[in-house]
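# Sequence first, predicted coordinates after that:
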Amino acid sequence: MLCAHPAIQRSEVNRGMFDIATKMDGVTAIDLYAQYPDFAINVAAEQQRLIDHDVIIFQFPLFWYSTPALLKEWQDAVLQYGFAYGKGGNSLAGKSFLCAISAGGYQSTYAAGGVNHQSITTYIVPLEQTATLCQMHYVPPLVLYGAGFAKQQQRLESHLQDWQSLLATCVDACRSGDSVAEAIVDVFGERG
């Protein structure tokens, strides 16, 4: 699980999610901004980490309709031709990929008539296509809308419980040899 939040200590949502992930058996949680504050990504180490895991999760706040800068840099550096895609690039084939996203706006703002004009799933189509190109199984995202008000509105704990359940579902599916994508859909249904 790759967490990309440049100020995670100020984020009740992302910090809470990261803390849960770090305590779960069977989950490797990496804070990319703590690991690479200078953006000098160790490509070989990151590629090996991907090889060693069956599920890849990007956890991030939606910044300007995309990922934070370091996560984009990570993708550009690590998901190389010949490793992740292209001739001989099948290192990620068959793995599951999903995003856990926090968004400042409410779900109603991410719609045709809303301020943002599009759904979150539309904004993350490049990530879905990346998964497809890398021959991974794309799983619909877990999204917390109105993240800045989630604690006040008593939605944060429920979201963190869903997150913990999602991670547990991934771990259980991997251990039993089941499809992670199917297990998540069975438990949570289609999201986005």
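Sure, I can see it.

# Spatially nearest residue to Pro6, not counting backbone neighbours?
What sits nearest to Pro6 in space, not counting adjacent residues and going by CB to CB, 6 or more residues apart in numbering, is Tyr33, at 5.3 Å. To be clear about C-beta, it is placed using only N, CA and C from the backbone, and glycine gets the same treatment.

# So what's the gap between the helix or strand where that neighbour lies and the chain middle?
Per DSSP states H and E: Tyr33 is located in helix 32-35. On the basis of CA atoms, centre = their mean, to the nearest Å, helix 32-35 sits 15 Å off its chain's mean C-alpha point.

# Averaged pLDDT, that helix. What do you get?
Averaging pLDDT along helix 32-35 yields 98.

# contact partners of that helix?
Leu2, Cys3, Ala4, His5, Pro6, Ile8, Pro68, Leu70, Leu71, Trp74 (CB atoms under 8 Å, 6 or more residues apart in numbering).

# helix/strand/coil for the residue lying closest to the fourth one once chain neighbours are set aside?
Leaving out its chain neighbours, the residue that sits closest to His5 by CB to CB, 6+ apart is Asn14, at 4.4 Å. The local conformation at Asn14, judged by DSSP: H, G, I helix; E, B strand; the rest coil, is helix.

# Pretty sure Ser102 is one of the things Asn14 touches, is it not?
Yes - between Asn14 and Ser102 there is a contact at 5.9 Å, judged by CB atoms under 8 Å.

# Mutual contacts of those two, please.
Phe60, Pro61.
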